[in-house]
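Q: Structure for this input, please:
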Amino acid sequence: MSMRRTLVSLCVIQAISQAAWADQVTAGQPSSDSIELQNIDIQGAASAENAQGPVDGYRATRSASATRTDTSLHETPQSVSVVTREAVEDIGATRLQDALDYAGGGGRGNNFGGQGLTTF
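A: All right, here's what the predicted structure looks like:
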């Protein structure tokens, strides 16, 4: 029981000592070293991106191709890479394989032709 009493006593002494060291400031009177800051008005707007709509920038956050629903890519239980129209236009891709070079997590191979002279 004395250990519990000692712990309670230490907690009370700690609380009292912190209150004794606190500065007394009266309401309505600013201290001599206080600085008054200007008011700042912050306004913003959220973009409402959907799976079929346009994407702001290069990074899409929603896709309808993996689940056939308008689902967040974060909640999709598989790997999905979206190459936006803006990205395709900026890299100047004229073929699908050129655009897919910039999609992460996949590779491409063109194995539709026959064996050429370089395979021997």
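Q: pLDDT below threshold where in the protein?
A: Scanning the chain for pLDDT under 70 picks out 1, 18-31, 47, 66, 106-120.
Q: can you give me the helices for it?
A: 2-21, 85-91, 96-100 (DSSP state H).
Q: Neighbours of I16, how many?
A: 9 (other Cβ atoms under 10 Å). C-beta: built from backbone N, CA, C; applies to glycine.
Q: buried ones in stretch 83-100?
A: For stretch 83-100, a neighbour-count test (16 or more other Cβ atoms under 10 Å) marks 83-84, 87, 93, 99 as buried.
Q: mind pulling up the phi and psi values for Y58?
A: Main-chain torsions, Y58, degrees, to the nearest 10: phi -100, psi -20.
Q: Contacts only, for it.
A: Under the criterion of Cβ atoms under 8 Å, 6 or more residues apart in numbering, the neighbours of Y58 are 84, 86-87.
Q: Roughly how far does R4 sit from V12?
A: Distance, R4 to V12, using Cβ to Cβ, to the nearest Å: 13 Å.
Q: can you check G57 too?
A: 58 Å.
Q: Ok, V82 next?
A: Applying Cβ to Cβ to V82 and V12 gives a distance of 61 Å.
Q: And A45, by the same measure?
A: 52 Å.
Q: Looking at the two, which is more packed in?
A: Higher neighbour count among A45 and V12: V12, with 10 against 5, using other Cβ under 10 Å.
Q: how much space is there between that one and G105?
A: V12 is 61 Å from G105, by Cβ to Cβ.
Q: Same check on G57?
A: Note on G57: its distance to G105, by Cβ to Cβ, is 19 Å.
Q: same check, this time on T84
A: 16 Å.
Q: again, but for R62
A: As for R62, its distance to G105 is 18 Å (criterion: Cβ to Cβ).
Q: And for S17?
A: 59 Å.
Q: all strands for this structure, in order.
A: 62-63, 71-72 (DSSP state E).
Q: Flag every buried residue along stretch 60-79.
A: Buried residues in stretch 60-79 (16+ other Cβ under 10 Å): 60, 62-63, 71, 73.
Q: Can I get that stretch in CSV? Just the C-alpha atoms.
A: C-alpha atoms of stretch 60-79 as CSV (Å, rounded to 0.1, in the frame of the first residue of the first chain):
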residue,chain,number,x,y,z
ALA,A,60,-5.7,8.7,-62.3
THR,A,61,-7.3,7.7,-59.0
ARG,A,62,-10.4,5.9,-60.3
SER,A,63,-10.9,3.2,-62.9
ALA,A,64,-13.8,1.2,-64.3
SER,A,65,-11.7,-1.4,-66.3
ALA,A,66,-10.7,-3.7,-63.4
THR,A,67,-14.0,-4.1,-61.6
ARG,A,68,-16.5,-2.6,-64.2
THR,A,69,-17.6,-0.2,-61.5
ASP,A,70,-16.4,3.3,-60.6
THR,A,71,-14.0,2.2,-57.9
SER,A,72,-11.0,3.9,-56.4
LEU,A,73,-7.7,2.3,-57.6
HIS,A,74,-6.6,2.2,-53.9
GLU,A,75,-9.6,-0.1,-53.2
THR,A,76,-9.1,-2.4,-56.2
PRO,A,77,-7.6,-5.7,-55.2
GLN,A,78,-5.4,-6.0,-58.3
SER,A,79,-2.7,-4.1,-60.1
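Q: Thank you kindly, that will do.
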